[in-house]
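*Asks:* 3D, please:
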Amino acid sequence: MVEVLALATAYLLQRLADEAEAFLVKNLSSENVLELLDISNTLGAAQLKRHCLHYVRKMHEDDYQQLPSFNSLSDEMKKLVEDQFK
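*Replies:* Numbering: from 1, shown residues only. Predicted coordinates for the structure are as follows:
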């Protein structure tokens, strides 16, 4: 579904992009939230990014740092995640 979101965004198919974002939001989990946060930032998917940040805020502060995807985030995205706990 990430590929659908990327293509819909690239081809300015807003309704399809919205539906793809909604699907991804419904399927957020601790295993994919950081990856989807990074993707949402890259694609400018504001709805998905907002929901990812909300999901991160509900996590325990130590939990997100132990996720394998945390280490692959850019410094900017790591700071954004860490800022959710300040």
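*Asks:* Counting neighbours, what do you get for residue 10?
*Replies:* 10 (other CB atoms under 10 Å). Any C-beta I mention is one placed from the backbone N, CA and C, and that applies to glycine too.
*Asks:* Please enumerate the helices of this protein.
*Replies:* 2-10, 14-26, 33-43, 46-58, 61-65, 75-83 (DSSP state H).
*Asks:* Lowest average confidence across these, which one?
*Replies:* Least confidently modelled of the helices of the chain is helix 61-65, at a mean of 79 by mean pLDDT.
*Asks:* how about it as CSV, C-alpha atoms only?
*Replies:* Written as CSV, here are the backbone C-alpha positions of helix 61-65 (Å, rounded to 0.1, in the frame of the first residue of the first chain):
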residue,chain,number,x,y,z
GLU,A,61,9.7,6.1,25.7
ASP,A,62,12.2,3.2,25.8
ASP,A,63,10.2,1.0,23.4
TYR,A,64,10.6,3.0,20.2
GLN,A,65,14.4,3.1,20.6
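*Asks:* what's that helix in contact with?
*Replies:* Under the criterion CB atoms under 8 Å, 6 or more residues apart in numbering, residues 30, 33-34, 56, 70, 81, 85 lie in contact with helix 61-65.
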